[in-house]
Every structure is written in structure tokens, then in C-alpha cells.
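# Sequence first, then the predicted structure:
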Amino acid sequence: MSTPPPIAMLAELTHRCPLACPYCSNPTELLSREDELDTDTWVRVFGEAADMGVLQLHLSGGEPASRSDIVDLMQGAHDAGLYTNLITSGIGLTPRRLDALEAAGMDHIQLSLQGTNADLADWIGGYQGGFDRKMQVAAAIRERGIPLTLNAVMHRHNLDDLDRTIEMAVELGARRLEVACVQFHGWAADNRSQLLPTREQTEAAKRIVAEAEARLRGTLAFDFVPPDYYADYPKACMGGWGSAGLNVTPDGTVLPCHAAQTIPHLRFQSVRDHPLSEIWYKSDAFNAYRGTDWLPDTCQSCERKEIDFGGCRCQALAIAGDAGATDPVCSKSPDHGRVLDLLRAAAEPEAPMQWRQPARTPA
Ligand code: SF4
Ligand code: SF4
């Protein structure tokens, strides 16, 4: 079967970020400024992405506004013909910079929300005054009429605030609200027992989102990502490995998903050395878990194999110790008992929460 081109690319422009969220999906070994691709290389990669059929470009980080060349990067992406979405905490986006980004062709902003009030948001984000600055940026986005998605990463400490989160999304003029229960990759994996919502919180969140979706139809659209630890079956991670999207890390390494570098036997190639299309179509890492031929026996005989493709490879590695295993969150997985053990451990967390630390600078 021939491989279709990717639809979306996530460009992690930098790992630098003024915030320190304990659920950050960046790797625990953060890259420093010196490791980052320069402006010209990123713009070349945006052109290669557009040439191979990518439609949407998500400019992310870290905090993408930490790049002093963010406006040039936006312009380069726009000139390549890509639909551009800036994924940001808002910190570092002054009204002047917003104007420049709009003039450079920014199509959409996805603003993260750490909490619905300053006490909670600044505690989670590890950044005093961050909430107030974010609210100023949100007002400036609204004034300019820039299409806005609010991205609320939800966990045990803020899921009870979901009603207020939805109200805030409407007040801020967002067109879409992502209620994304934390996924346990990167820093979040080290904080799993502190962050995992309870089953009761998860059930309440499903009810609240369903009710709000019906009430706010035409005003606010919802993307709800429940924690899959309480589900019977896993999600199709990235819509299937190497099937719809790719990530480029700050140093140019191309990955099928955020956490793929945790899989030790795969060698991921860089845009510094190879064209993007060669990496997507021909690299061993992208072909390792494409399609369904590689699936383990438990999945091969399952009617859902074309729906979830066996779930998440990084989760299979993290929990079952084998990236080629059935995702252990699946109730059919022989390793499902390990997820139940994690749920029991999360009921009485022992380790304190760890906030994200800055990248080590080279000696
Ligand atoms: S999750 Fe928090 S710390 Fe990580 S990049 Fe986003 S805003 Fe920064
Ligand atoms: S057995 Fe495999 S294909 Fe079936 S639901 Fe579980 S993870 Fe998906």
C-alpha cells in the first residue's frame, strides 16, 4: 500500500519557555538555543513540507515567541503556502509582535491555559504573573479578531474547574476549546501519579463537555481528549504512526510523534542531512510501525486494528517495556494489569510534583 503524504507538521522551534509546566510534553533532556535550526533552514523545511503536500503548520515549542525570528519564520511559512497556527503560552507576545505576526500571515493562534485564576495558573505554570499577562494577550488577540483556540491541559488539579474553563473560552472569544487531559510523555511521565485525574473527575468531565457542546453549538467547538487510562481501548496515536503528521524538533530531528525518541532502537534522521520527503517515505524509523502488518497477535485478530493501529508505541514502551506491544491501556492487552497498578499508585501518590527545569547550557 502506498504511503500518503502528511497533512500536518508540528515545528518545535525551540525548547526554551518561560513557563515550567509539570505536564510539559517536551523531553526531559531539553535542547538549548545553540542546538536550534537557524531561520533559513526552517524556511527551507517549510517549503519542503508544502511541496510534499503538508497543509497545516503548527509553530510550537517550548514557547515559539522565545525565538527572536518568529515573525520571519511566520512569513516564510506563509510564503510557502501553509496554513499557520501559532501554539503559544502568550508570554512574549506584545501587541506590536501580534501585529507583525498577523502582517506576516499568521492564520490562527492556539493559546494554552494553565488555570482559570492567577493562583492556580501561576502555580501550575511555575511563573508568577503569567496568568495576568496571558489575559492581556488574549484580549489583544480578541481585539484583532484573530481566530483563537484555547488549549486547556486538564489534570487532577484543574479538572474540577472545567465549567469555568468553558465560560472563559466563551468570554475570550475562542472558537474552539481543547479539553486535553494530560498525556504521559516527557515531563508528564515523571508526574503521572500527581497529575492523573480520578475516575470520578473523568466521568464528570465527559458529562460537562457533552452538555456544553449541545448548549454552545455554533459558538464554541470542542475537542475533548479524555485520559485513556480509564478507556477500554486506546486512541489511534497521531492517527497511526507515520500516517498523517510529523514533528520536527528544535535541532531538526524528524519524528512521527512527540515522544518517539524514547524508543531506543529507532534512529531518527535530521532535516540537516536529508530532504523531508525522503525521511517521511523512506526512513526505517517512519516505516517501523506504519500500517498494520507489524501489529502483535493480540491486535492482528482484533476488529479495531484499522481504527487504533494498536494504540501508542511510546506508551507501549513506557508501560510494557516493548514499543511493538499492544498499547497496555487496551483492556485486551496482556500488559493491561500494569495500567491498573499505575491507577492504584496514582490514588496515593508518593513522589512530589516536579516542575519542568530549564535546559542545561553547554559548558
Ligand atoms: S507545556 Fe508549559 S512549559 Fe511546556 S512548552 Fe508549554 S507552556 Fe512551556
Ligand atoms: S487489541 Fe489492539 S487493535 Fe484491538 S483494541 Fe486493543 S490495541 Fe486496538
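All right, it came through fine. Numbers count the residues shown, from 1 in each chain. Ligands and ions are numbered 1, 2, ... in the order given.
# use CA for all of it now, contacts and neighbours both
Noted.
# Indicate the residue of the stretch 151-300 of the chain located nearest to ligand 2.
Ligand 2 sits closest to residue 299 of the stretch 151-300 of the chain, with a gap of 3.6 Å, by C-alpha to the nearest ligand atom.
# so which strand or helix has that residue?
helix 297-300 (DSSP states H and E).
# Put the alpha carbons of that helix into CSV.
Taking Å, rounded to 0.1, in the frame of the first residue of the first chain, the C-alpha atoms of helix 297-300 are listed here in CSV:
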residue,chain,number,x,y,z
ASP,A,297,-1.0,-11.2,17.6
THR,A,298,-3.5,-9.6,20.1
CYS,A,299,-4.2,-6.8,17.6
GLN,A,300,-4.0,-8.9,14.4
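# Quick check: residue 90 vs ligand 2, distance?
Relative to ligand 2, residue 90 is positioned 37 Å away (C-alpha to the nearest ligand atom, to the nearest Å).
# Please report phi then psi for the closest residue to that residue other than its chain neighbours.
With C-alpha to C-alpha, 6 or more residues apart in numbering as the criterion, residue 90 has its nearest non-adjacent residue at 5.4 Å, and that residue is residue 134. With angles defined as degrees, to the nearest 10, residue 134 sits at phi -60, psi -40.
# contacting residues around the strand or helix carrying residue 58?
In this structure, residue 58 sits in strand 56-60 according to DSSP H and E. Strand 56-60 is contacted by residues 7-14, 77, 82-88 when judged by C-alpha atoms under 8 Å, 6 or more residues apart in numbering.
# How about it and ligand 1, touching?
No. For strand 56-60, no contact with ligand 1 is found by C-alpha under 6 Å from any ligand atom; the gap never falls below 7.9 Å.
# Tell me the helices and strands packed up against the helix or strand that that strand is followed by.
Downstream of strand 56-60, the first helix or strand assigned by DSSP H and E is helix 70-79. On a contact count with 3 or more C-alpha pairs under 8 Å, 6 or more residues apart in numbering; DSSP states H and E, helix 70-79 meets helix 39-52, strand 83-88, helix 95-103.
# outside of helix 70-79, which residues touch it?
39, 42-43, 46-47, 57, 64, 83-84, 97, 100-101, 104-106.
# Please indicate which of those residues are buried?
The neighbour count (16 or more other C-alpha atoms under 10 Å) marks 39, 42-43, 46-47, 57, 64, 83-84, 100-101, 104-106 as buried among the contacts of helix 70-79.
# For ligand 2, state which of those is nearest.
Once C-alpha to the nearest ligand atom is applied, the member of the buried ones among the contacts of helix 70-79 that ends up nearest ligand 2 is residue 57, at 28.8 Å.
# In contact with the residue of the stretch 151-300 of the chain closest to ligand 2: list those residues for me.
305, 309, 310, 326.
# Then residue 314?
259, 260, 262, 263, 323.
# Max pairwise distance over these: which two?
259 and 323 (11.6 Å; C-alpha to C-alpha).
# Output the contacting helices and strands for the helix or strand hosting residue 124.
Under the criterion of DSSP H and E, residue 124 resides in helix 118-125. Applying 3+ C-alpha pairs under 8 Å, 6+ apart, one finds that helix 118-125 contacts helix 130-144.
# Say whether ligand 1 is contacted by the helix it packs on.
No. Remark: helix 130-144 sits outside contact range of ligand 1, by C-alpha under 6 Å from any ligand atom, the gap being at least 10.1 Å.
# what helices or strands is that helix leaning on?
On a contact count with 3+ C-alpha pairs under 8 Å, 6+ apart, helix 130-144 meets helix 95-103, helix 118-125.
# This completes my enquiry, with thanks.
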